[in-house]
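Asker: just need the structure, nothing else, for what follows:
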Amino acid sequence: MQPMPSATDDTAAARDPRTSVMLSADVVRSEGSQPTQHRVLNVSVSGVCIAKPIGLIADMPVLVSIGRIDHVAARVKWVRDDRAGLRFDEAIDLDAARQRRAGNAAPPPPSSGWMASANERFRRQITA
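Answerer: Reported below is the predicted structural model:
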């Protein structure tokens, strides 16, 4: 990881290309607090935009886990409506951030109820 430009130099973060992703991020507000899960709207090497930032306020230090990257120090730069921008203290590996965590794998197929036999080949097919 590389150190980011100073916190007062916001022009560098504005120029980093953003990537829209379908991921979630865990945000820890303080040591010992439970993480809150947020949908990631976009991510760059210098920061992330998240949805539903309940309890976050500007300039708050946080720890962010996204993709295969855990506990990156960041600071809340802005909170507007139902979004917040978080700036990482150090540049992240964007490829690792885009990878899904092992816990986000596709759920197993249903094993009970009518969905369990929905694709069964001996199930009675109704044709018109």
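Asker: let's see the pLDDT reported for Ile54.
Answerer: According to the prediction, Ile54 has pLDDT 88.
Asker: excluding chain neighbours, what is closest to it?
Answerer: Distance criterion Cβ to Cβ, 6 or more residues apart in numbering; nearest residue to Ile54, sequence neighbours excluded, is Thr36 at 7.1 Å. From N, CA and C alone the C-beta is placed, and that goes for glycine too.
Asker: okay, now stretch 28-42: how far is its last residue from its first?
Answerer: Start-to-end span of stretch 28-42 (Cα to Cα, to the nearest Å) is 19 Å.
Asker: hmm, who's touching that stretch?
Answerer: 18-27, 48-56, 60, 62-66, 71, 83 (Cβ atoms under 8 Å, 6 or more residues apart in numbering).
Asker: repeat the analysis, applying 6 Å as the threshold.
Answerer: Applying Cβ atoms under 6 Å, 6 or more residues apart in numbering, the contact partners of stretch 28-42 are 18, 20-21, 23-27, 48-52, 62-63.
Asker: can you turn the buried part of these into a PyMOL selection?
Answerer: Burial among the contacts of stretch 28-42 is assessed by 16 or more other Cβ atoms under 10 Å; the matching PyMOL selection reads:
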select buried, resi 21+23+24+25+26+27+48+49+50+62+63
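Asker: how close does Val64 sit to Lys77?
Answerer: Distance, Val64 to Lys77, using Cβ to Cβ, to the nearest Å: 13 Å.
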